[in-house]
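>>> Predicted structure and sequence below. I'll ask about it afterward.
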Amino acid sequence: MDQSLEPDQRFSLLLSQMDTDMRRQDASAAETTQQSFTASENGKNEMDQTIEGILQSREKTHGLYSVQSAMSQRLKSLIRTSPNWEDMPEYMQESLEIIEQKIARILSGNAYEPDHWLDIIGYAALVVRELDQVNQETRSQNV
């Protein structure tokens with residue numbers, strides 16, 4: 001990313017890139033689900049085969065679901081006991097829970113999967129966006 005840009009410009013560019021990536025993923029997923037699902041020779045229909053393929057692919061990046069989900073639940077329990085948890089707005093709590101899920105995926109799956117790291121940036125960026133909006137509203141009320 002161009003370091004000559006101001007932090008706000010870099011942040012906007014990153015969000016734009018993430019939005020473009022998410023739109024590509026959505027288009028790819030929609031294309032996959034629009035297939036016709038007919039019975040195959042082994043008795044499974046194409047939908048079952050597609051779902052199995054997705055699950056196998058996710059296992060490579062996210063790790064075994066039983067391991068990743070157990071780690072995720074332990075991390076959620078830990079963050080919910082923090083002194084600040086109850087004082088945080090829901091958008092902060094939600095982002096922290098999703099970020100900890102991404103951390104669990106990194107620790108139990110492919111730590112070199114860029115999407116895990118980009119997702120963490122994205123959910124942190126959503127909190128920053130909310131904080132910026134709250135700060136702008138506070139400044140406008142003080143004027």
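Looks like it arrived, so ask away. A quick note: this is a predicted structure, and the numbers were derived from the prediction, not measured. Numbering: from 1, shown residues only.

>>> which residues of this protein fall in helices?
Applying DSSP state H to the chain gives helices spanning 7-33, 46-62, 65-80, 90-108, 114-141.

>>> Give me the packing partners of the third one, helices and strands only.
Contact here means 3 or more Cβ pairs under 8 Å, 6 or more residues apart in numbering; DSSP states H and E; on that basis helix 65-80 packs against helix 90-108. Placement of C-beta: from N, CA and C, glycine included.

>>> mind listing what's buried in the helix it packs on?
Residues 92-93, 95-96, 98-102, 104-106, 108 are the ones in helix 90-108 that count as buried (16 or more other Cβ atoms under 10 Å).

>>> so what's Ser69 up against?
By Cβ atoms under 8 Å, 6 or more residues apart in numbering, the contact set of Ser69 is Ala104.

>>> Quick check, His116 in contact with Arg105.
Yes - using Cβ atoms under 8 Å, His116 is in contact with Arg105, at 5.3 Å.

>>> Between these two, which contacts overlap?
Thr61.

>>> Provide the count of other residues in contact range of Ser82.
11 (other Cβ atoms under 10 Å).

>>> before we move on, what about Ser77?
Neighbour number of Ser77 under other Cβ under 10 Å is 9.

>>> Got the confidence number for Glu46?
In this model, Glu46 is scored at 75, pLDDT.

>>> Just give me the neighbour total for it.
13.

>>> before we move on, what about the one 5 residues further on?
The local packing of Ile51 (other Cβ under 10 Å) involves 13 other residues.

>>> tell me the contacts of it?
Ile51 touches nothing, counting by Cβ under 8 Å, 6+ apart.

>>> Low-confidence stretches in the chain?
Applying pLDDT under 70 to the chain flags the ranges 1-44.

>>> That'll do, ta.
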